[in-house]
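Chemist: Coordinates only, no sequence provided:
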């Protein structure tokens, strides 16, 4: 398996600088709720093949200026299990 530390990836900035939370599509169907979410800076909402989501553009505290993980050996399991869609296409 290829991981982010093994490749020079110009997309790493995206996966280490945002958090995507999936939710019931019913939440996004309410225009008032969707509008409220979108009024916040660095927040976006949408849907993909996994469902409806809210995404927060926020940098991981372990992300270094050269886009590497300063805690790679001790990173959370969600990071360990993450599979980059870009690398899947490679």
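Modeler: Nice, I can see it. In this text the structure is predicted, and so the values were computed from the model without any measurement. Residues are numbered from 1 along each chain as shown.

Chemist: alpha carbons only for contacts and neighbour counts from here, please
Modeler: Will do.

Chemist: isn't residue 59 right up against residue 67?
Modeler: No - proximity of residue 59 to residue 67 does not meet the contact threshold set by CA atoms under 8 Å, at 10.3 Å.

Chemist: the more surrounded of these two?
Modeler: Between residue 59 and residue 67, counted using other CA atoms under 10 Å, residue 67 has the larger neighbour count: 19 against 15.

Chemist: Quick check, pLDDT for that one.
Modeler: According to the model's per-residue confidence, residue 67 sits at a pLDDT of 74.

Chemist: So it, which state does it fall into?
Modeler: Classification of residue 67 into helix, strand or coil gives coil, according to DSSP: H, G, I helix; E, B strand; the rest coil.

Chemist: That one and residue 84: what is the separation?
Modeler: As for residue 67, its distance to residue 84 is 15 Å (criterion: CA to CA, to the nearest Å).

Chemist: Residue 57 too?
Modeler: 17 Å.

Chemist: what's the domain layout of the chain?
Modeler: By the assignment in automatic domain parsing, the chain contains the domains 1-16+62-90, 18-58.

Chemist: Confidence-wise, which of those is weakest overall?
Modeler: In terms of mean pLDDT, the lowest-scoring of these is domain 1-16+62-90 (a mean of 69).
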